[in-house]
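1. Sequence below, structure please.
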Amino acid sequence: MNETPDAAARLAAVETWIAAEKQTFIIGDLSWDTAWSDLRRIAANYVLRRQLEALDATVVLTKAGLGHLAVGFVRPALDELLWMLWIKDLPHRDAQDLLMAMGRSDAIRSLLAQRAYVGDAVMQELWYPVRFLDAQEQQLTPVKDELKRLRGKFNWSGGQLPSASWVAEQSGHKDLYDYLHAATSRALHFSMGEVMRNGWGEPGGKLVTLKPEFRNYRTDFALHHLPMLFLQTAIACSDFLDSAGITGPEDEALAEQLTAAAKALGEFGRVPLVHAHEWNLTPNGPLRYPANPPDSLAES
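-> This is a model prediction of the structure:
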């Protein structure tokens with residue numbers, strides 16, 4: 001792995017911080033009855049476990065020289081944070097109805113999409129009786145009706161489900177959503193803007209995509225934002241930790257260790273969304289080339 005001393009130090013600090021967080025948040029199993037009586041408890045258990053695993057994966061990818069791909073982990077963490085911030089304060093019945101309807105809708109739509117793609121013969125080979133599939137298809141309309149009722153109740157914008165932008169507004173974090181959404185969406189979907197900002201060169205020369213410096217920058221972006229999003233998500237889930245199978249020792253030494261690890265991370269400073277080099281900007285002003293060509297295709 002090729003990296004600068006600062007990059008190596010940042011990675012080491014993140015690893016130390018992750019180790020401390022894993023001792024602080026010990027994520028175990030849930031009691032079935034307790035979990036299903038409030039689906040927010042399952043959500044809290046899952047999102048915190050998933051984000052810690054995403055952080056582990058980011059470390060692995062970084063050591064393999066592929067840390068830039070971890071930017072794709074930021075968008076799920078952002079969505080999880082925004083949703084938990086919103087639903088944590090909903091009345092229990094409203095939260096339960098919403099999460100149940102969303103879960104059933106996702107499950108049925110995925111099942112029927114698979115049925116449509118592979119056909120009933122293959123579905124039966126996968127242990128799905130036709131009668132079962134037909135029954136699930138009949139449940140789709142009631143689920144849609146329930147989501148329509150909830151949409152009217154909450155007055156959300158978007159389609160059948162609340163849009164991420166609307167959820168961000170309800171959570172009071174629209175600014176964070178607007179800031180991170182652009183970068184994280186481009187990391188998950190085809191984006192010509194992402195293609196262009198990754199093309200570097202000068203007219204008459206070679207063009208390089210994802211050159212090492214930009215890979216390292218994106219790696220730092222992920223290593224900065226994923227810990228921050230985890231901490232915010234953990235706070236958003238705090239009301240459900242005890243009932244969500246999440247425990248941790250009340251240890252003064254561990255608390256000091258966690259504080260020191262967080263402080264060490266903070267010393268690296270923020271990593272902004274857009275690097276000035278993408279716009280040919282330097283501390284001494286804009287770069288100038290013959291005929292003023294773009295260094296990054298983001299300008300063209």
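
2. What about G152, how many residues nearby?
-> 9 (other C-beta atoms under 10 Å). Where C-beta positions appear, they are placed from N, C-alpha and C, glycine not excepted.

3. so who does it touch?
-> Going by C-beta atoms under 8 Å, 6 or more residues apart in numbering, G152 touches no other residue.

4. Tell me how far it lies from E146.
-> Separation of G152 from E146 (C-beta to C-beta, to the nearest Å): 11 Å.

5. S171 now?
-> Counting by C-beta to C-beta, the gap from S171 to E146 is 23 Å.

6. isn't N216 right next to D6, touching?
-> No. At 9.5 Å, N216 does not count as touching D6 under the criterion of C-beta atoms under 8 Å.

7. Neighbour count for these two, which is higher?
-> N216 (19 against 11).

8. Which helix or strand contains the closest residue to that one other than its chain neighbours?
-> Distances taken as C-beta to C-beta, 6 or more residues apart in numbering put A7 closest to N216, at 5.8 Å, once the chain neighbours are dropped. Per DSSP states H and E: A7 is located in helix 5-24.

9. I'd like to know which elements the following helix or strand past that helix is packed against.
-> Toward the C-terminus, helix 5-24 is succeeded by strand 26-27 as the next helix or strand (DSSP H and E). With contacts taken as 3 or more C-beta pairs under 8 Å, 6 or more residues apart in numbering; DSSP states H and E, strand 26-27 sits against helix 39-63, strand 246-247.

10. dump the residue contacts of H173.
-> Taking C-beta under 8 Å, 6+ apart, one finds L81, L82, L85 in contact with H173.

11. ok, now with 10 Å
-> Contacts for H173 (C-beta atoms under 10 Å, 6 or more residues apart in numbering) come out as L78, L81, L82, L85, W86, V167, Y179, L180, Q232, A236.
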